[in-house]
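Trainee: need a 3D model of the following:
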Amino acid sequence: MKRLQLFLFAAIALYFAFVVLENLTTGGPFDWRNFAFDMLETTLLASAVVLTTFAALQTNDLKRERRDLITDLNDAKREGNRWRSAARAHVDGLSRAIRAQFHEWQLTPTEEDVAELLLKGLSHKEIGVLRTSSEATIRQHATSVYRKSDLSSRAQLTAFFLEDLLAPSTVPGSKPNLAVVPLVDKN
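Mentor: Presented below is the predicted three-dimensional model:
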């Protein structure tokens, strides 16, 4: 906003300077009609210069912002790839353990697929699109997964696999909370 105000101030100053110079350089008698025409002409010229400059600066700001966003995105991708690479063995082990638990629950291949997509956070509708099934069908598969696993919701399904992976959270300056209440009874 300050930039726009600065440009408006500059435009007004330029405008008056052009009008004064124009009228000082003409040696003839003063004519209101010519004066008004000169003011309009000068206004259009000054406005064009100011708007072009403003647009160029805005474009530069957008280019800089885009470049910064792309840099941040690339940094995040590199960090994600680095983390995935470092955690690959653990992630693979967790994947095998999840598949083994699905087998223990005696899930069908379709139920396993739906359960995996539920764990990834997809909605019933999104799973239906991926599997070319209706949302109602996916909901039935999810219900079957919950029944066979003796869990009642997506939150419990996720907690079953993830709750022990995360260390107890602490708030800076406070004692660690060592009494973690399990969300799911795994027995």
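Trainee: what's the average pLDDT for stretch 161-178?
Mentor: For stretch 161-178, the mean pLDDT works out to 66.
Trainee: remind me which residues of the protein are low pLDDT?
Mentor: 1, 19, 22-28, 30, 167-187 (pLDDT under 70).
Trainee: so what secondary structure elements neighbour the biggest helix by length in the chain?
Mentor: With secondary structure taken from DSSP state H, the chain has its longest helix at helix 32-104. Helix 32-104 is packed against helix 2-25, helix 109-119, helix 154-162, with contacts defined by 3 or more CB pairs under 8 Å, 6 or more residues apart in numbering; DSSP states H and E. Heads up, the C-betas are built off the backbone N, CA and C, glycines and all.
Trainee: deepest of the ones you listed, which one?
Mentor: The highest mean neighbour count among the helices and strands packed on helix 32-104, using mean count of other CB atoms under 10 Å, belongs to helix 109-119: a mean of 18.
Trainee: now for that helix, which elements pack on it?
Mentor: helix 32-104, helix 124-131, helix 135-149, helix 154-162.
Trainee: got the angle between that helix and helix 154-162?
Mentor: 90 degrees (axes from the mean of the first three to the mean of the last three CA atoms, to 10 degrees).
Trainee: follow-up on the earlier one: how far does the longest helix of the chain sit from the chain's center?
Mentor: Computed by CA atoms, centre = their mean, to the nearest Å, the separation of helix 32-104 from the middle of its chain amounts to 10 Å.
Trainee: between helix 154-162 and that helix, find me the angle.
Mentor: 70 degrees.
Trainee: now helix 32-104 and helix 135-149, what's the angle there?
Mentor: If you take the same axes, to 10 degrees, helix 32-104 sits at 40 degrees to helix 135-149.
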